[in-house]
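>>> Model the structure of this input:
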Amino acid sequence: MSDIWKTRLKKALEDKGLSMKAASLEAGKGETFIRDLFERDRAPSIDNFLAIARVVGRSASYLLGENTDVPEGLRSVEVGAPIQAGAWSETWEWDYDERYTVMVPDYPEYRPYRLYAAEARGTSMNRRYQEGTVLVFVDVNETGESPMPGKRYIVERKRASGEAEHTVKLLFADQDGKLWLMPESDDPRFQAAIAIEDGAEDGDVVAIVGRVIAAVTKE
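Residues are numbered from 1 along each chain as shown. Predicted coordinates:
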């Protein structure tokens, strides 16, 4: 791995006015953690880098030296999978030669987190997103945030066989405070709402994967 992560981490520490010791302690890794990394010429694991990235206010991908040619104020995100209800598969992600990147604003609040992106396919969300729209999202397990009604979420629906489909739903709270995943489609096949606490009626396991933060459409 290139040593560019050292240069970028040093600059990020300077920008935040943090010493290696202070940043290490704030990341919960012990006071010599960052210093030891520099001395041993070893890059941290992605989990440790995420902890450091949160402290210095930059993305892990930036610190690791990715996307060095991205203009200031923008962030490059890899589009690695389709979002399409009814498309069941044991593997969600595309092969590497099928992936491509899009640019989104470098939102300060999302710099500590990795961004993901998937391409909308089919008609399961066509009242909101046309086919080919790229949905950029954060992993809710990484952010640790609670579900927010009014936001749109990437949802995984998995069968006992291991096959899964991935789509996007609007989170809605009814008058009793019950949370529902609402479709936004004019296709009769994709208009059933799912109660988060009850799950799908057919026994499939339904889970929120990520919260959509941006949509990139083709001209």
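>>> What separation do you get for the residue lying farthest from the centre of the chain and Glu26?
Distance from the centre of the chain peaks at Glu39, with 31.8 Å (Cα atoms, centre = their mean). Separation of Glu39 from Glu26 (Cβ to Cβ, to the nearest Å) stands at 20 Å. Every C-beta, even on glycine, is put in place using the N, C-alpha and C of the backbone.
>>> what element comes up after the helix or strand hosting Arg8 heading to the C-terminus?
Following DSSP states H and E, one finds Arg8 within helix 4-16. Per DSSP H and E, the first helix or strand lying C-terminal to helix 4-16 is helix 20-26.
>>> In that next one, which residues are buried?
Neighbour-count burial for helix 20-26, counted by 16 or more other Cβ atoms under 10 Å, picks out Met20, Ala23, Ser24, Leu25.
>>> Could you dump these into a markdown table and include pLDDT and distance to Arg75?
Below are the buried residues of helix 20-26 laid out as a markdown table (pLDDT from 0 to 100; distance: Cβ to Cβ, whole Å):
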| residue | pLDDT | distance to Arg75 |
| --- | --- | --- |
| Met20 | 92 | 26 |
| Ala23 | 91 | 22 |
| Ser24 | 90 | 26 |
| Leu25 | 92 | 28 |
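>>> Closest one of these to Thr167?
Ala23 (39.4 Å; Cβ to Cβ).
>>> What residues does the closest one make contact with?
Residues in contact with Ala23 (Cβ atoms under 8 Å, 6 or more residues apart in numbering) are Leu13, Lys16, Ile34, Ile52, Val55, Val56.
>>> change it to 6 Å
Leu13, Ile34, Val55 (Cβ atoms under 6 Å, 6 or more residues apart in numbering).
>>> Distance-wise, check it relative to Trp180.
For Ala23, the distance to Trp180 - Cβ to Cβ - is 42 Å.
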